[in-house]
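Visitor: sequence? don't have it. structure:
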């Protein structure tokens, strides 16, 4: 696999180094010996289905979950031994919002900043700046219970920035948001990346990983299945294009043998067949020429979804 | 609109306090319990004060009902050291101890339960540079503060009713604090085990008998000796005795012993709560 180059990677330093990281719950090996390194300034993704071990890994970076084995260094420190110190440099956006519902939007930012020991003089201006960043100026004095899901998410991200973290941990930042709210959030995250914040994002959305991540690891059953940039992963584990054809649930299995030589690789799903090829249109013409007219067909660029399917033999949830 | 400034060289860069290296408790204590207390006061300042003081009235009502009502039938009773005192003066110090206990317990059980299970306030705190010990100390202080408020209120009622007769009684306020911190620290640790509202009833199931049987309203000697020993192991009895000694100025080594019971209870409670918060959040 070729090394990944991003502008930050050239100048950055290893901000997170995990070696043989393991977390065991009883019989369940939630994280099963994974090794990775994150360079400052890059945007790093943990991609995998629900239960793959993404959030567990994330929480071990913040030191809010102890390791069962392996080593972890965040900015040179062990989060299990010096949690408060490590977290002083982190911004954490948890999967489930935990805004303080007894406080206003503005006080949420200020009180959270106080948890880091930041002075009121700094927090007063910082809170205003972050409220603007989160596009919540009209809501500054509202209680957080009055906010929509997208607003709460933006406030949670703004809150995570109050200590100007070197490293921002985002655990499924856009789950449960409508498409428009997702794009607004992505835009905010791009801005942070531009100013040099290291992002660590877990997601099971392929488009999100492709949009946000310079480099990612694909995790399944607590193990790393592949590592690289979205583009290199697609190149290595998929073809340029994918032709999706449906012949109806009954016929799919029957025709699959006749398609073998059309494709680089075939994937038979319950409802459709994925034909991996560098030229989708040409493959479709060839299939039609053989008299196998599909009910529906679609040619698309291959995505991380295909990479995941290739690596695990399963589609991702959702 | 621009992204928040991240240039650490500018003056706007945050001033996160430096952590000394190799300090003790580095994994669980961020030396910032103050911010947890600040948060508590901010919430109190915004909420309905009636909610805060509601628990204060319970012992006051007992004082009026039992002291004035039952006291008229009972007349004088034998107080600490064998002196004869009015029944109202006999139960008032016990109710003061109960008041301190109630304040601490309401805050460290119901309020903590809500923040723990529903509002996820502690989850948020522990993803910052706070450790579980900061949270434990801060929350225990807030429960202590409530116990203190209740005790001061009750003390004022006692003064008005002319039930304060000894200069030692001035110590009843700091002692109320001591009782409150003991109950608050253990109460918070116990709450960490409770997961549903039904389980929260267990707290009342313990608190009510403890109030009724800890020599609050009549002397402990009415019970068989075995039961006396059991009561004497419970914290409220020590609080009641301590307050009663101070109220009439009968101070001895036993008084100090009762106070030490609460010191030990507090040390145990803070340790227990920290362990529990660590188990819940830093697994």
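Guide: That came through, no problem. Source: prediction; values computed, not measured.

Visitor: So which residues of the stretch 1-150 of chain A form strands?
Guide: Taking DSSP state E, counting those that start in this stretch as the criterion, the stretch 1-150 of chain A contains strands spanning A:14-25, A:28-39, A:43-47, A:69-74, A:90-93.

Visitor: Make TSV from those and add mean neighbour count, mean pLDDT and distance to residue B:268 to it.
Guide: Where you see a C-beta, it was placed from the backbone N, CA and C, and this is true even at glycine. Formatted as TSV, those follow (neighbours: other Cβ atoms under 10 Å in any protein chain shown; pLDDT from 0 to 100; distance: least, Cβ to Cβ, whole Å):
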stretch	mean neighbour count	mean pLDDT	distance to residue B:268
strand A:14-25	17	95	30
strand A:28-39	18	94	34
strand A:43-47	26	94	41
strand A:69-74	18	95	33
strand A:90-93	25	95	32
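
Visitor: Please identify which of those is closest to residue A:219.
Guide: strand A:43-47 (5.9 Å; Cβ to Cβ).

Visitor: partners of the closest one in the sheet?
Guide: Strands that pair with strand A:43-47, judged by DSSP bridges, come out as strand A:198-203 (parallel), strand A:215-220 (parallel).

Visitor: Please report the distance of residue A:266 from residue A:246.
Guide: Applying Cβ to Cβ, to the nearest Å, the value for residue A:266 to residue A:246 is 14 Å.

Visitor: Give the intersection of the neighbour lists for these two.
Guide: Common contact partners of residue A:266 and residue A:246 (Cβ atoms under 8 Å, 6 or more residues apart in numbering or on different chains): residue A:273.

Visitor: Give the burial count for residue 108, as a bare number.
Guide: In the absence of a named chain, chain A is used. Neighbours of residue A:108 under the rule other Cβ atoms under 10 Å in any protein chain shown: 25.

Visitor: try again with chain B
Guide: Residue B:108: 31 neighbours (other Cβ under 10 Å).

Visitor: Got phi/psi on the closest residue to residue A:96 other than its chain neighbours?
Guide: Nearest non-adjacent residue to residue A:96, counting by Cβ to Cβ, 6 or more residues apart in numbering or on different chains: residue B:120, 7.2 Å away. For residue B:120, the backbone dihedrals (degrees, to the nearest 10) come out as phi 60, psi 30.

Visitor: For the residue lying closest to residue A:141 once chain neighbours are set aside, name its beta-bridge partners.
Guide: Closest residue to residue A:141 apart from its sequence neighbours, by Cβ to Cβ, 6+ apart: residue A:104 at 5.4 Å. Taking DSSP bridges as the rule, residue A:104 bridges to residue A:143.

Visitor: what about residue A:104, distance to residue A:147?
Guide: Relative to residue A:147, residue A:104 is positioned 11 Å away (Cβ to Cβ).

Visitor: And the helices in chain A?
Guide: A:7-11, A:54-61, A:83-87, A:105-115, A:120-133, A:149-160, A:179-194, A:206-212, A:230-237, A:251-259, A:280-289, A:304-312 (DSSP state H).

Visitor: Now do the fifth one: which elements does it pack against?
Guide: Contacts defined by 3 or more Cβ pairs under 8 Å, 6 or more residues apart in numbering or on different chains; DSSP states H and E place helix A:120-133 against helix A:105-115, helix A:149-160.

Visitor: what about 7 Å?
Guide: Contacts defined by 3 or more Cβ pairs under 7 Å, 6 or more residues apart in numbering or on different chains; DSSP states H and E place helix A:120-133 against helix A:105-115.

Visitor: How about the helix it packs on and chain B, touching?
Guide: Yes: Helix A:105-115 lies within reach of chain B by Cβ under 7 Å from any Cβ of the partner chain, at A:107, A:111, A:112, A:114, A:115.

Visitor: that older thread, format the strands paired with strand A:43-47 as TSV; extra columns: mean neighbour count and mean pLDDT.
Guide: Below are these laid out as TSV (neighbours: other Cβ atoms under 10 Å in any protein chain shown; pLDDT from 0 to 100):
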stretch	mean neighbour count	mean pLDDT
strand A:198-203	25	93
strand A:215-220	24	93
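
Visitor: which ones are touching the closest residue in space to residue A:131 that isn't next to it in sequence?
Guide: Once flanking residues are discounted, residue A:131 sits nearest to residue A:140: 5.1 Å by Cβ to Cβ, 6+ apart. Residue A:140 is in contact with A:105, A:106, A:131, counting by Cβ atoms under 7 Å, 6 or more residues apart in numbering or on different chains.

Visitor: Considering the residues you listed, which possesses the most neighbours?
Guide: Ranking the contacts of residue A:140 using other Cβ under 10 Å puts residue A:105 first, with 28 neighbours.

Visitor: Can you read off the pLDDT for that residue?
Guide: Note on residue A:105: pLDDT of 97.

Visitor: Touching, it and residue A:136? I think so.
Guide: Yes: assessed by Cβ atoms under 7 Å, residue A:105 is found in contact with residue A:136 at 5.6 Å.

Visitor: quick one: the residue nearest to residue A:141 and residue A:125, what's the gap?
Guide: 17 Å.

Visitor: Among these two, which residue is more densely surrounded?
Guide: Using other Cβ under 10 Å as the criterion, residue A:104 and residue A:125 rank with residue A:104 on top: 19 against 10.

Visitor: Contacts only, for the residue nearest to residue A:38 when sequence neighbours are not counted.
Guide: Leaving aside its chain neighbours, residue A:38 sits nearest to residue A:16 (4.0 Å; criterion: Cβ to Cβ, 6+ apart). With contact set as Cβ under 7 Å, 6+ apart, residue A:16 has these partners: A:37, A:38, A:61, A:74, A:167.

Visitor: so can I have JSON lines of those residues showing distance to residue A:221?
Guide: Listed next are those as JSON lines, based on distance: Cβ to Cβ, whole Å:
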{"residue": "A:37", "distance to residue A:221": "22"}
{"residue": "A:38", "distance to residue A:221": "22"}
{"residue": "A:61", "distance to residue A:221": "20"}
{"residue": "A:74", "distance to residue A:221": "25"}
{"residue": "A:167", "distance to residue A:221": "26"}
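
Visitor: for chain B, what are the nearby residues on the stretch 151-300 of chain A?
Guide: A:161, A:163, A:164, A:191, A:192, A:194, A:195, A:196, A:197.

Visitor: Pretty sure residue B:258 sits against residue B:242.
Guide: Yes: Residue B:258 lies in contact with residue B:242 (Cβ under 7 Å); the separation is 4.0 Å.

Visitor: So those two - more neighbours on which side?
Guide: Neighbour count, other Cβ under 10 Å: between residue B:258 and residue B:242, residue B:242 has more, with 27 against 22.

Visitor: wait, is that one part of a strand?
Guide: No: checked against DSSP: H, G, I helix; E, B strand; the rest coil, residue B:242 lies outside a strand; its state is helix.

Visitor: which residues touch it?
Guide: By Cβ under 7 Å, 6+ apart, the contact set of residue B:242 is B:175, B:255, B:258, B:259.
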